[in-house]
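Novice: Sequence and predicted model, in that order:
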Amino acid sequence: MLRDLRPLFSYMRRYRWGYALGFLCVICTNAIWVLFPKVLQAAIDGLDAGVTRSRILSFAGLLVAISVVKGVFLYSQRWILIGISREIEFDLRNDLFRKLETQDTGFYRKYRTGDIMARMTNDLNAVRMLLGPALMYSANTIFFTIGALYFLLRISPLLTLVAWAPMPLASILIQYFGRRIHDRFEKIQESFSEISSQAQENYSGARLVRAFAREETQISQFEHLNIRYIARAQHLVQLMGMLWPTLEFILGIAMVITLMVGGRLVIHHQITAGEFVAFNTYMILLIWPIIAVGWVVNLFQRGTASVKRIHELLLAMPQIDDAKADTAMAEDFRVRGEIEFRDLSFSYDERPVLRNISIHIPAGSSLAVVGPTGSGKSTFVNLLTRMYEAPPGTLFLDGRAVNEYPLAVLRRNIGMVPQETFLFSETIRENLAFGQPDAASGEVLLAAEAAHIRHEFEEFPLGLETIVGERGLTLSGGQKQRSAIARALLKKPAILILDDALSSVDTFTEERILSGLHAYSARATTILISHRVSTVRTADQIAVLDQGRIVELGTHDQLLGLNGYYASLYQKQQLEEELTVVA
């Protein structure tokens, strides 16, 4: 058991004095409560000396005092130990979130969002129950049983031996059921993760599900997962349903033996009537602790299964870190923006994506990247932001290897507008100021104006205080893209990356945005990825990627002269524009 709890030792160590005080309260609780049957024994045996009002009141007062003191210590132990379990749950949840925030993209390809959410909620709750109620009830059972056993042996070793004869069978049953509870709870948690993932994906893709009229199919799939979850949960309930009645049956046998053998000992004057009552009272008081063992076993098996799942996340080390970074670099370090790829090749899971990429991008200049779908354009910029790790000696920023910059410094210098625009369910202001939370309202408005979105926001009834809904649900595709551009511009980055960030706006709006970008961030090194020639034609350099290679490189006029992919793309889009005008 201790081996299973080892991942939690560092958290428990933080609250060692709290645990010490809590377990001291546990000892005091049981040290007081174990005297209750002894007082009954003294009261009953004292009847031989005569019944008086004062004697009855004194014993009654003593029983009440024991109950009150026990109640105080019981409250204290629950407040302390269960409170500590909440504190550790708080620490674990923060550490898990911090760990998840530092993970690289590969981690999120391995773990589904729903699975992570299940571990952050259901599994954490199981661990809390393990560190709070399970430990507390275990300690109470151990200490009370030790105390009761001591007094039982003092009353009659023979009766104690006979009454406890069935107990080894209870221990065997607990071990037998405990292993199976652990295995079944692991399967339950796996099913819960599947349900969480299914639900999360359907909630996020609700509009897509409705658009393709797949509601009934998705409901059917969810129902299938839910049926499997319920079936596994019922298997666990069956085990628990067998464990508790079995323990009660064993205790019932012990009580029958106590009455039969104990009554005979009273008749033969080997024990007194008071001792017989005290013995039976101890056995009755032991019923709940021993029955609670079944519940505690359930909590321990659930908790240890969840500890394993949580520890798996805590052990996951990001593949991209600051191991080679210059940690002495100031957090506000500003790069110039000179970028160089030197014969860079990159693969996903041994599948080549970029091949022998060599290009120099002077600081403050602009590079446009075009090419067919799947040619490696997004990977090209994701390597620069270290979403993926470039091979050593192939990617440099201001003459230094990109991995020599701490991640926080590197990404603080880069303004990224990804293909998939993501907005938080917050106000427009909070979304635009996500990278610069201290930005003044005037700065936010200037960035919005540069992205050609300010006037639209100002027309909303609440202006910048408008809640955009989950993932920017209340905004159009073009508005979301321009919001993302404004968010990147507000950082005033040294390097600005637009990954197909103008695909949802018309060409007229595109021209105004590009004009605003040039005025707002003229000194930034800019990388544009687009399928539109109108977007990239003014760039200082244009690189054409095809099957992971740079097949054409030059200015707009130079590439037209090559009569290759770029010229073909330009002619095609010119023809489309002419046809649009004619129509």
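Specialist: Received the coordinates, thanks.
Novice: what does the domain assignment say about this protein?
Specialist: Domain assignment for the chain by automatic domain parsing gives 7-315, 335-413+495-583, 421-492.
Novice: so how far is the first one off the chain centroid?
Specialist: Using CA atoms, centre = their mean, to the nearest Å, the distance from the centre of domain 7-315 to the centre of the chain it belongs to is 25 Å.
Novice: okay, how far is it across it, tip to tip?
Specialist: For domain 7-315, the first and last residues are 10 Å from each other (CA to CA, to the nearest Å).
Novice: would you list the domains of the chain in a markdown table and tack on mean neighbour count and distance to residue 324?
Specialist: Just so you know, the C-beta spots here come from the backbone N, C-alpha and C atoms, and that holds for glycine as well. Shown next, in a markdown table, are those (neighbours: other CB atoms under 10 Å; distance: least, CB to CB, whole Å):
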| stretch | mean neighbour count | distance to residue 324 |
| --- | --- | --- |
| domain 7-315 | 17 | 15 |
| domain 335-413+495-583 | 18 | 5 |
| domain 421-492 | 19 | 25 |
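Novice: could you redo those domains as CSV and give each row mean pLDDT and distance to residue 329?
Specialist: Shown next, in CSV, are the domains of the chain (pLDDT from 0 to 100; distance: least, CB to CB, whole Å):
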stretch, mean pLDDT, distance to residue 329
domain 7-315, 82, 18
domain 335-413+495-583, 85, 6
domain 421-492, 83, 18
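Novice: For the residue nearest to the spatial centre of the chain, list the residues it contacts.
Specialist: Residue closest to the average C-alpha location in the chain (CA atoms, centre = their mean): residue 120, at 3.7 Å. With contact taken as CB atoms under 8 Å, 6 or more residues apart in numbering, residue 120 is in contact with 93, 96, 97.
Novice: Pretty sure it sits in a strand.
Specialist: No: counting by DSSP: H, G, I helix; E, B strand; the rest coil, residue 120 falls outside a strand, being helix.
Novice: Please report the distance of it from residue 111.
Specialist: Note on residue 120: its distance to residue 111, by CB to CB, to the nearest Å, is 11 Å.
Novice: ranges for the helices of the stretch 1-150 of the chain?
Specialist: All helices of the stretch 1-150 of the chain, identified by DSSP state H, counting those that start in this stretch, fall at 2-5, 9-14, 16-33, 36-45, 53-101, 105-110, 113-118, 124-129, 135-155.
Novice: between those, which gets nearest to residue 328?
Specialist: Nearest of the helices of the stretch 1-150 of the chain to residue 328, taken as CB to CB: helix 53-101 at 23.2 Å.
Novice: Quick one: work out the angle between the closest one and helix 16-33.
Specialist: Counting by axes from the mean of the first three to the mean of the last three CA atoms, to 10 degrees, helix 53-101 lies at 160 degrees to helix 16-33.
Novice: got the contact list for residue 491?
Specialist: Residue 491 neighbours (CB under 8 Å, 6+ apart): 412, 415, 435, 436.
Novice: which residue packs closest to it, ignoring adjacent ones?
Specialist: Leaving out its chain neighbours, the residue that sits closest to residue 491 by CB to CB, 6 or more residues apart in numbering is residue 435, at 4.4 Å.
Novice: got it, and residue 155?
Specialist: Nearest residue to residue 155, sequence neighbours excluded (CB to CB, 6+ apart): residue 275, at 4.7 Å.
Novice: ok, back up a step: would TSV of the helices of the stretch 1-150 of the chain with distance to residue 442 be doable?
Specialist: Output for those, formatted as TSV (distance: least, CB to CB, whole Å):
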stretch	distance to residue 442
helix 2-5	55
helix 9-14	45
helix 16-33	49
helix 36-45	73
helix 53-101	30
helix 105-110	35
helix 113-118	37
helix 124-129	43
helix 135-155	56
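Novice: These: which one's closest to residue 240?
Specialist: Between those, helix 124-129 lies closest to residue 240; by CB to CB that is 14.4 Å.
Novice: what packs against the closest one?
Specialist: If you count contacts as 3 or more CB pairs under 8 Å, 6 or more residues apart in numbering; DSSP states H and E, helix 124-129 packs onto helix 53-101, helix 273-315.
Novice: Quick one, which of those gets closest to residue 228.
Specialist: Closest of the helices and strands packed on helix 124-129 to residue 228 is helix 273-315, at 17.4 Å (criterion: CB to CB).
Novice: Sheet partners, orientation included, of the following helix or strand past that closest one?
Specialist: Where DSSP states H and E defines the elements, the next helix or strand beyond helix 273-315 is strand 339-348. Strand 339-348 sits in its sheet next to strand 351-361 (antiparallel), strand 395-397 (antiparallel), going by DSSP bridges.
Novice: Turn the ones you listed into a markdown table, including distance to residue 572.
Specialist: Listed next are the strands paired with strand 339-348 as a markdown table, based on distance: least, CB to CB, whole Å:
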| stretch | distance to residue 572 |
| --- | --- |
| strand 351-361 | 25 |
| strand 395-397 | 33 |
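Novice: Of these, which is nearest residue 513?
Specialist: strand 351-361 (21.3 Å).
Novice: Show me what the closest one is in contact with.
Specialist: With contacts defined as CB under 8 Å, 6+ apart, strand 351-361 is touched by 338-347, 367, 376, 379-380, 383, 525, 527, 541, 543, 547-550, 553.
Novice: so what's the backbone phi/psi at residue 525?
Specialist: The phi/psi pair for residue 525 (degrees, to the nearest 10) reads phi -70, psi 130.
Novice: residues contacting it?
Specialist: Contact analysis of residue 525 by CB under 8 Å, 6+ apart lists 337-339, 361-367, 494-496.
Novice: ditto for residue 339
Specialist: Contact analysis of residue 339 by CB under 8 Å, 6+ apart lists 360, 361, 384, 395, 396, 397, 495, 525.
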